[in-house]
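In: quick one: sequence plus predicted model below, questions after.
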Amino acid sequence: MLRKGDLPQKICASCGRPFAWRKKWAKDWDEVRYCSEKCRRQPKRHKKPAA
């Protein structure tokens, strides 16, 4: 069994946070762009600059 740290990850196109592969995305992982429905519905947000 794979550990969570060993799963593939992507960066969310909306919030910019990393998210890991989920079993429900197995068939279309290449098309997944957002970490959640909330991010998919909202317009693209810009990251805040590190202070």
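Out: Alright, I've got the coordinates. Numbering: from 1, shown residues only.

In: list the residues that contact R3.
Out: Listed by C-beta atoms under 8 Å, 6 or more residues apart in numbering, R3 has no contact partners. Every residue, glycine included, has its C-beta placed from N, CA and C.

In: where's it relative to A20, distance?
Out: R3 sits 10 Å away from A20, going by C-beta to C-beta, to the nearest Å.

In: and the helices in the chain, which stretches?
Out: Ranges of helices in the chain, per DSSP state H, are 37-41.

In: and the strands in it, which stretches?
Out: Secondary structure of the chain by DSSP state E: the strands cover 9-11, 18-20.

In: tell me which of these sits nearest to D28.
Out: strand 9-11 (12.4 Å; C-beta to C-beta).

In: next one: that closest one to chain centre, how far?
Out: The chain centroid and the centroid of strand 9-11 are separated by 5 Å under C-alpha atoms, centre = their mean, to the nearest Å.

In: ok, stretch 8-26 next?
Out: That offset, for stretch 8-26, works out to 2 Å (C-alpha atoms, centre = their mean).

In: quick one: buried residues of that stretch?
Out: K10, C12, S14, C15, F19, W21 (16 or more other C-beta atoms under 10 Å).

In: what does stretch 36-43 give?
Out: Buried, per 16+ other C-beta under 10 Å, within stretch 36-43: C39.
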